[in-house]
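**Q** have a look at this fold, sequence not included:
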């Protein structure tokens, strides 16, 4: 029988409304109690000055395996997750081939288990081959362990197929995660459409490309009663569409990435593809709308959209380079420095966006320190100053737009099922 | 990285002369201060006679290797840069992108690093992607001159158009200049806008709403969709071609026929203009679409003068790229 006591940290467990200096007692990989009572344990972790919270969950990562193992693998991505303080990740299905069958889903679970680091939850494709034509075998993928369904990287463009997906996935109590983007309005765009794209002569992607599809999908979620989760929103109007849907009682949830609440399209003036992502970096008022959406609960999740790309691919001409940036190893620091530190979001609410909220959306028994729960715990120093050094990342890729940034707040250690793993 | 410009930084007073250049690279006019644009135009004036002379030539760039690398088709600009380099005594090499390793999948950066390893000083680059010269500046050692990047900038064209106006009218400040046509896809329009605004002109853009990007007013230019209403008040009109090769989605206007009717410059329209109207076109011309032959070849046309001025401007730009101070025309 193994026992661990995490002693004297600031325990924040939004699922149970806990925010107090307390001790967390763990036995055989499960949480036993959180409280003032100091139980004697085989191992004691001194947590004074640290925040102790449920293991962080990143519900939107791309692990590139199978198909692009030179950019990331399930093992290297899991290592990056641990380094970033995440004990669980949900892997998007846009691998090569796409994760669209029970066998593929089980492969992801298997490789995750074999890596033995973070919990890796597969997200299955909505459509066969992510081609957007017909439903993939959603029911069997649920049996294989798929926690949600998405064609992320591309939208489910066909409204009839989206309707079917919402109806069908609801039968298994799973949500459909939509990459919201109207492909016709998107065109050949490579950055946000606005003043900067006009000056740079780069083809723009208007905010309406995202907003219009969200408006449509909210109507489809209302029609079907299904659960729509909108991935990585970036435009001010998107938050408004979701807010309105929620007010009408539609089952719609949303996430935002750290780059969309910290960076704007002004960065693209460098023509450096490290600032090329989809959805694109938008304008100041969009960034403000993302923060407001987090504050009023319109957006309940912060997720990285961790998208590794090989260095040679990101050293191309801007329109030619692929979309995407990595984010697992910078997210916590960015949340602390740009949301909590300036007072935009109280710490417990910020933690909820990476614990209980994504756990509820994915229907996984994580994100809480309730007695009996798996002992997934993150310990971080909320004041620790550090400088982002992408060359030291555990991810296989280096496409990080925050390289060299000074941040405050750094993960120190995580427990995954009671197993202690240092973040550095 | 260019600083975000303030709209309407136009000043009508003559900028103070500059004694040094801000950089040897020339990526765009957006980041060039007005004084430096004026200095480049002054440098071009000093080279104007030499530019079109086949009997005299400078030795200023003797021993320097200027490579022109055009990853997008061009006639005028490539010939112009080559001649400008030779008239300054430089060695030139034209890198033919179509038959190069770029077509074998080599990246732009690798290709340039390889050419560079053979010893080059100045790289003149045209590329279909906005920002390609900026990528090269980050990755290679040569001095980079932008000869047109995507729809972003074509700085030597902006300079030569401004130089043409200056020579024809003796000033730029206070003139009302119209740029007509496909503004959305035009690097020529963008470079012209920056240069003309900085030198104090009143700049109008005119064309169908679908070819004029949103928010262009924020730069300090005015927008018209009615050429007949605009033309009579203009001192200069610069006609642009429709860049069909950059339009990938559905056509952005109903037909060439309708476009020519609404926005083409023809003799009847020119009769409504000031007698002093200066007609410009950066080429290539689509005769009968944006401009009729009688106007293009007519007495107000400065089109061939633009080409000759282009040589002088490119000599000035190479002078700067080679690291010589403003003013001097011999080593």
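**A** Cool, the structure landed. Model, not experiment: these values are computed from the prediction.

**Q** angles on the backbone of residue A:233, please.
**A** Backbone dihedrals for residue A:233, given as degrees, to the nearest 10, come out at phi -80, psi 150.

**Q** and the closest residue to residue B:56 other than its chain neighbours, what is it in contact with?
**A** Excluding the flanking residues, the one nearest residue B:56 by CB to CB, 6 or more residues apart in numbering or on different chains is residue B:50, at 5.9 Å. Backbone N, C-alpha and C define where each C-beta goes, glycine included. For residue B:50, the contacting residues are B:56, B:57, B:58, B:87, B:312, B:315, B:329, by CB atoms under 8 Å, 6 or more residues apart in numbering or on different chains.

**Q** what's the local residue count around the fourth one?
**A** Each residue near residue B:87 was counted by other CB atoms under 10 Å in any protein chain shown, and the total is 24.

**Q** what's the spacing between it and residue B:58?
**A** Distance, residue B:87 to residue B:58, by CB to CB, to the nearest Å: 6 Å.

**Q** please name the nearest non-neighbouring residue to residue A:201.
**A** Nearest residue to residue A:201, sequence neighbours excluded (CB to CB, 6+ apart): residue B:151, at 3.0 Å.

**Q** residue closest to the middle of chain A?
**A** residue A:303 (2.3 Å; CA atoms, centre = their mean).

**Q** which residue ranges form the helices in the stretch 201-350 of chain A?
**A** Taking DSSP state H, counting those that start in this stretch, the helices of the stretch 201-350 of chain A run over residues A:207-224, A:236-247, A:258-262, A:284-295, A:311-314, A:331-335, A:347-352.

**Q** typo on my end, the stretch 151-300 of chain B
**A** Going by DSSP H, counting those that start in this stretch, the stretch 151-300 of chain B shows helices at B:155-169, B:187-198, B:227-230, B:256-263, B:267-271, B:293-296.

**Q** circling back: is it correct that the residue nearest to residue B:56 falls within a strand?
**A** No. Counting by DSSP: H, G, I helix; E, B strand; the rest coil, residue B:50 is not found in a strand; it is helix.

**Q** how near is it to residue B:44?
**A** Note on residue B:50: its distance to residue B:44, by CB to CB, is 11 Å.

**Q** shared neighbours of these two, anything?
**A** Common neighbours of residue B:50 and residue B:44 (criterion: CB under 8 Å, 6+ apart): B:312, B:315.

**Q** not counting sequence-adjacent ones, nearest residue to the residue of the stretch 51-200 of chain A found nearest chain B?
**A** Nearest residue of the stretch 51-200 of chain A to chain B: residue A:198, at 4.2 Å (CB to the nearest CB). Once flanking residues are discounted, residue A:198 sits nearest to residue B:213: 4.2 Å by CB to CB, 6+ apart.

**Q** can you get me a residue count around the closest residue to residue B:162 other than its chain neighbours?
**A** Spatial nearest neighbour of residue B:162, excluding adjacent residues (CB to CB, 6+ apart): residue B:195 at 4.5 Å. Applying other CB under 10 Å, we find 29 residues neighbouring residue B:195.

**Q** go on, residue A:2?
**A** Neighbours around residue A:2, by other CB under 10 Å: 12.

**Q** and residue A:292, by the same measure?
**A** For residue A:292, the count of nearby residues is 15 (other CB under 10 Å).

**Q** same question, residue B:209
**A** The local packing of residue B:209 (other CB under 10 Å) involves 10 other residues.

**Q** how about the contacts made by it?
**A** residue B:225.

**Q** would you mind measuring from it to residue B:223?
**A** The gap separating residue B:209 from residue B:223 is 9 Å, by CB to CB.

**Q** follow-up on the earlier one: most tightly surrounded among the helices of the stretch 151-300 of chain B?
**A** helix B:187-198 (a mean of 27; mean count of other CB atoms under 10 Å in any protein chain shown).

**Q** tilt between it and helix B:155-169?
**A** Using axes from the mean of the first three to the mean of the last three CA atoms, to 10 degrees, the direction of helix B:187-198 lies 50 degrees away from that of helix B:155-169.

**Q** any idea of the mean pLDDT in helix B:187-198?
**A** Across helix B:187-198, pLDDT averages out at 98.
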